[in-house]
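> from the sequence below, what's the structure:
(one chain, ligands or ions: 2)
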Amino acid sequence: MIEINKNLCDRCGTCVAVCETDCITVYEAYIEIDNNKCISCKKCVWICPVDALTLVTEEK
Ligand code: SF4
Ligand code: SF4
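Numbering: from 1, shown residues only. Ligands and ions are numbered 1, 2, ... in the order given. Now for the predicted structure:
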């Protein structure tokens, strides 16, 4: 799953444009990632200009 550092994210929307599965939504005050749709491609992690996104491994 992708973890969002809400202190770093400025809601620029760059990550939304690269996400092939449309799981990122930008709201006025925060962004949200639907981790059920996320395929962990890391494109959003690489593109984010402020490094606000991290791919974390799920513990089951
Ligand atoms: S690219 Fe980074 S800063 Fe921009 S909306 Fe996405 S997570 Fe936030
Ligand atoms: S890792 Fe890929 S599928 Fe998941 S939110 Fe980022 S761009 Fe979308």
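
> pull the number of nearby residues for the closest residue to V45 other than its chain neighbours.
Spatially, and ignoring its direct neighbours in sequence, V45 is nearest to L53 (4.7 Å; Cβ to Cβ, 6 or more residues apart in numbering). Where C-beta positions appear, they are placed from N, C-alpha and C, glycine not excepted. When neighbours are counted by other Cβ atoms under 10 Å, L53 registers 23.

> and if you look at M1?
For M1, using other Cβ under 10 Å, the count is 13.

> right, and K37 touches E20 too?
No. Shown here, K37 and E20 do not form a contact pair, counting by Cβ atoms under 8 Å, at 9.9 Å.

> so which bits of the chain are right by ligand 2?
2, 18-19, 21, 23-24, 33, 38-44 (Cβ under 6 Å from any ligand atom).

> would you list these in CSV and tack on secondary structure and neighbour count?
Output for the residues of the chain next to ligand 2, formatted as CSV (DSSP: H, G, I helix; E, B strand; the rest coil; neighbours: other Cβ atoms under 10 Å):
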residue, secondary structure, neighbour count
I2, strand, 21
V18, helix, 15
C19, coil, 20
T21, coil, 11
C23, coil, 18
I24, strand, 22
I33, strand, 19
C38, coil, 17
I39, coil, 10
S40, coil, 13
C41, coil, 14
K42, coil, 14
K43, helix, 15
C44, helix, 23
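
> got the residue ranges for the helices in the protein?
Secondary structure of the chain (DSSP state H): helices at 14-18, 43-47.

> who touches the last one?
Outside of helix 43-47, the residues within contact range by Cβ atoms under 8 Å, 6 or more residues apart in numbering are 2, 14-15, 18-20, 24, 33, 53-55.

> tell me which of K37 and E20 has more neighbours.
Shown here are K37 and E20; by other Cβ under 10 Å, K37 has more neighbours (12 against 9).
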